[in-house]
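K.L.:
Sharing a sequence plus its predicted fold:
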2 protein chains.
Amino acid sequence: MPSVKADWKQGLEFSVLQDGHRLTIDGTPEFGGADRGPRPKNLLLTALACCTGMDVVSILRKMKVEGYSLTVEARGEYTEEHPKVFSELEVEFIFTGRDLPRDRIERAVFLSSERYCGVSAMLRHTVDIGYTITLVEPEG
Amino acid sequence: MPSVKADWKQGLEFSVLQDGHRLTIDGTPEFGGADRGPRPKNLLLTALACCTGMDVVSILRKMKVEGYSLTVEARGEYTEEHPKVFSELEVEFIFTGRDLPRDRIERAVFLSSERYCGVSAMLRHTVDIGYTITLVEPEG
């Protein structure tokens, strides 16, 4: 069974072993942390961006779409009251390249968000997730 | 609004900026990755372990419980079919220390799992989460 091991170091700092890689997770000074690493809850944004991002580049490879760079931004707002969960969640795919095929890119994002991305599927029970695609033509 | 930015590097590798920290996330060679960083979906396990772990150490500090070390293990099984979501999820708190107060530790874990931990609250919509507490008496 996939597992992670998080060892408490000090303050709010944890040293985590996940998939053979070492991560430091920490809180902000405001809550007793020292900001030695990223926040645990915002890891859900990283998980979402990279899970759907990996799907999309894999699907586009099968579709023979090439010659682009990609940045995936995930933004989330939390509720004010405890437990703080997402009240808003959006993912933006920013593709940069010449004459990119919007229809195939939309299809790849749709397939990830609706069929393949497990992180999206889990978070969708909590909040609707908005997906947007931005195509950027490189300068020059 | 909290946000992360994930730049696609190559294969399945993404370089992520989260909370001012840089993370590398990657897939396994089996799926076209190079294992340069941990898997995106298993980040949910890290998020869960550290979110509830930070709650518990904070609550125990207020309860004046001291003199322990803590490891939080999170284990998750995924469904076979797409989208792959958790079919099982469990968190184990392993406390090592002398004469630790089990009642206050149980109370702290309960408060985190039921009231404070936003990651638990979100994942609970997908799967029941089991919590166990193990107290270890140091040797010698």
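P.N.:
Thanks, I have the structure now. Numbers count the residues shown, from 1 in each chain, chains lettered A, B, ... in the order given.
K.L.:
Tell me which stretches of chain A form strands.
P.N.:
Taking DSSP state E to define them, one finds strands in chain A at A:3-10, A:13-18, A:21-25, A:69-78, A:86-96, A:129-136.
K.L.:
From the contact counts, what lies against the fifth one?
P.N.:
In other words, strand A:86-96. Judged by 3 or more CB pairs under 8 Å, 6 or more residues apart in numbering or on different chains; DSSP states H and E, the packing partners of strand A:86-96 are helix A:43-62, strand A:69-78, helix A:102-111, strand A:129-136. C-beta: built from backbone N, CA, C; applies to glycine.
K.L.:
and the nearest residue to A:A47 once chain neighbours are set aside, how many residues sit next to it?
P.N.:
Sequence neighbours aside, B:L43 is the residue nearest to A:A47 in space, at 4.0 Å (criterion: CB to CB, 6 or more residues apart in numbering or on different chains). Using other CB atoms under 10 Å in any protein chain shown, the number of residues around B:L43 comes to 29.
K.L.:
quick one, domains of chain A?
P.N.:
Domain ranges of chain A: A:1-38, A:40-136, per automatic domain parsing.
K.L.:
roughly how far is the longest one from the heart of the chain?
P.N.:
I take that to be domain A:40-136. 7 Å (CA atoms, centre = their mean, to the nearest Å).
K.L.:
Repeat that for the first one.
P.N.:
Relative to the centre of its chain, domain A:1-38 is centred 18 Å away, using CA atoms, centre = their mean.
K.L.:
now swap in stretch A:127-140 and tell me
P.N.:
14 Å.
K.L.:
That stretch: end-to-end distance?
P.N.:
41 Å (CA to CA, to the nearest Å).
K.L.:
what does stretch A:30-45 give?
P.N.:
Terminal-residue distance, stretch A:30-45 (CA to CA): 21 Å.
K.L.:
got it, and stretch A:110-125?
P.N.:
18 Å.
K.L.:
Could you dump the strands of chain A into CSV with mean pLDDT added?
P.N.:
Output for those, formatted as CSV (pLDDT from 0 to 100):
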stretch, mean pLDDT
strand A:3-10, 98
strand A:13-18, 98
strand A:21-25, 98
strand A:69-78, 98
strand A:86-96, 98
strand A:129-136, 98
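K.L.:
The residue most central in space within chain A and A:M1, how far apart?
P.N.:
The residue lying closest to the centre of chain A (CA atoms, centre = their mean) is A:A49, at 2.0 Å. A:A49 sits 25 Å away from A:M1, going by CB to CB, to the nearest Å.
K.L.:
check contacts around A:K84.
P.N.:
Applying CB atoms under 8 Å, 6 or more residues apart in numbering or on different chains, one finds that A:K84 lies in contact with A:41, A:78, B:118.
K.L.:
just the residues you listed now: which is nearest B:R102?
P.N.:
Nearest to B:R102 among those: B:G118, at 26.0 Å, using CB to CB.
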